[in-house]
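Asker: only geometry, no sequence info:
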């Protein structure tokens, strides 16, 4: 048997991890008053920080600075451009599906409000 056969072999590179698909919100969790026909559903507000005027959500579609969003809920109906956005406390220009983002807003939103890109 040849002893040099396995000595100088380089380990094969690890396979690239497969990106996980973004979690999708079941349609049953979006009330009729929150639905906007023809808009891209981004997700639901998970947290709102009133002292910063920032809400957090995990997005289901790409989002970029300059996009127009609409936040709709039982008592909320706010439309505005995305002017500031962070991922993991770092300012970003865009975010991909599945990322948890924080977006600055002009008015109060509530946990559970639906967020759309229009």
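Answerer: Alright, I've got the coordinates. Computed from a predicted model, the values in this text were never measured in an experiment.
Asker: contacts and neighbour counts: CA atoms only from here.
Answerer: Noted.
Asker: for stretch 85-93, list every residue counted as buried.
Answerer: 85-87 (16 or more other Cα atoms under 10 Å).
Asker: and those as a markdown table, adding pLDDT, secondary structure and distance to residue 104?
Answerer: Putting the buried residues of stretch 85-93 into a markdown table (pLDDT from 0 to 100; DSSP: H, G, I helix; E, B strand; the rest coil; distance: Cα to Cα, whole Å) gives the following:
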| residue | pLDDT | secondary structure | distance to residue 104 |
| --- | --- | --- | --- |
| 85 | 94 | strand | 7 |
| 86 | 93 | strand | 9 |
| 87 | 92 | strand | 12 |
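Asker: pick the one among those residues closest to residue 95.
Answerer: Taking Cα to Cα as the measure, residue 87 is the one of these closest to residue 95, at 7.5 Å.
Asker: show me the contacts for residue 82.
Answerer: 64-69, 103-105 (Cα atoms under 8 Å, 6 or more residues apart in numbering).
Asker: quick one on the thing from earlier: can I get the buried residues of stretch 85-93 in a markdown table with distance to residue 51?
Answerer: Below are the buried residues of stretch 85-93 laid out as a markdown table (distance: Cα to Cα, whole Å):
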| residue | distance to residue 51 |
| --- | --- |
| 85 | 16 |
| 86 | 16 |
| 87 | 19 |
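Asker: output the below-cut-off pLDDT ranges for the chain.
Answerer: For the chain, the stretches flagged by pLDDT under 70 are 1-37.
Asker: can you show me the helices along it?
Answerer: Counting by DSSP state H, the chain has no helices to list.
Asker: re earlier: and the contacts of residue 82, which of them are buried?
Answerer: Looks like the contacts of residue 82 have 64, 69, 103-105 buried, using 16+ other Cα under 10 Å.
Asker: could the residues you listed go into TSV alongside distance to residue 113?
Answerer: Shown next, in TSV, are the buried ones among the contacts of residue 82 (distance: Cα to Cα, whole Å):
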residue	distance to residue 113
64	20
69	12
103	14
104	15
105	13
